[in-house]
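Peer 1: turn this into a structure:
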Amino acid sequence: MAYAPDDPELEFIRECVLLGRRWRAKLDERLKPSGITLARSTVLYWLEHIPGIITQRELADLVGIEGPTLVRQLHALEAQGLIERVPIPHDRRAKGIRLTERAAPLLEAVRETNRATAEEFLSRLDKRRLASATKLLSDARAGME
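Peer 2: Modelled structure (predicted):
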């Protein structure tokens with residue numbers, strides 16, 4: 001069935017959404033044996049790349065999700081022994097979050113799964129065009145903040 005886009009901007013957004021949904025479904029399927037989802041691995045990714053301890057609010061902003069959604073993910077990650085909540089010295093009410101040592105091998109497995117999946121599904125793309133497409137997506141995202 002042929003589809004003729006009527007609005008290039010909206011078509012761009014539709015393609016981004018569809019790609020994101022398919023990527024999430026593939027990664028969730030491939031990460032399932034390790035007991036993690038793409039959403040949880042995204043939280044772990046940011047924790048790995050932020051030095052020191054981060055608050056839940058800061059982490060929710062980085063991940064781009066609401067606080068209650070993050071709390072559910074943090075409970076699950078804590079139950080798996082992958083993160084821990086620690087006191088924040090300058091704010092007795094807040095708790096900080098950091099990775100545990102147990103997260104390191106899982107993060108390596110997640111990176112490998114991501115890399116293998118990207119190679120499998122994106123290998124047909126022209127690498128020179130990929131950089132400009134990434135820049136375009138980054139600019140579009142920045143325009144929505």
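Peer 1: touching, L27 and E112? I think so.
Peer 2: No - counting by C-beta atoms under 8 Å, L27 stays clear of E112, with 11.9 Å between them. Where C-beta positions appear, they are placed from N, C-alpha and C, glycine not excepted.
Peer 1: between those two, who's got more neighbours?
Peer 2: The neighbour comparison of L27 against E112 (other C-beta atoms under 10 Å) goes to L27, with 21 against 10.
Peer 1: any idea how far that one is from T134?
Peer 2: 18 Å (C-beta to C-beta, to the nearest Å).
Peer 1: what mean pLDDT would you report for the longest strand along the chain?
Peer 2: The longest strand of the chain (DSSP state E) is strand 91-99. Averaging pLDDT along strand 91-99 yields 87.
Peer 1: and that strand, which strands flank it?
Peer 2: Looking at strand 91-99 with DSSP bridges, its partner strands are strand 54-55 (antiparallel), strand 83-88 (antiparallel).
Peer 1: show me the one of the ones you listed that comes nearest V43.
Peer 2: Minimum separation from V43 across the strands paired with strand 91-99 (C-beta to C-beta) falls at strand 83-88, 7.9 Å.
Peer 1: tell me which residues are up against the biggest helix by length in the chain.
Peer 2: Using DSSP state H to define each element, the chain has its longest helix at helix 8-31. The contact list for helix 8-31, computed with C-beta atoms under 8 Å, 6 or more residues apart in numbering, reads 5, 37-38, 41, 110, 113-114, 117, 121, 137, 140.
Peer 1: which of these sit farthest apart?
Peer 2: Across the contacts of helix 8-31, no pair lies farther apart than P5 and V110, at 34.5 Å, counting by C-beta to C-beta.
Peer 1: how much space separates the residue nearest the centre of the chain from F121?
Peer 2: Closest residue to the average C-alpha location of the chain: T42 at 3.1 Å, with C-alpha atoms, centre = their mean. Using C-beta to C-beta, T42 is found at 18 Å from F121.
Peer 1: again, but for S138
Peer 2: 20 Å.
Peer 1: which one's more surrounded, those two?
Peer 2: Set S138 next to F121 and count neighbours by other C-beta under 10 Å: F121 wins out with 13 against 10.
Peer 1: relative to strand 91-99, how tilted is the helix or strand hosting that one?
Peer 2: Per DSSP states H and E, F121 falls inside helix 103-122. For helix 103-122 against strand 91-99, the angle by axes from the mean of the first three to the mean of the last three C-alpha atoms, to 10 degrees is 60 degrees.
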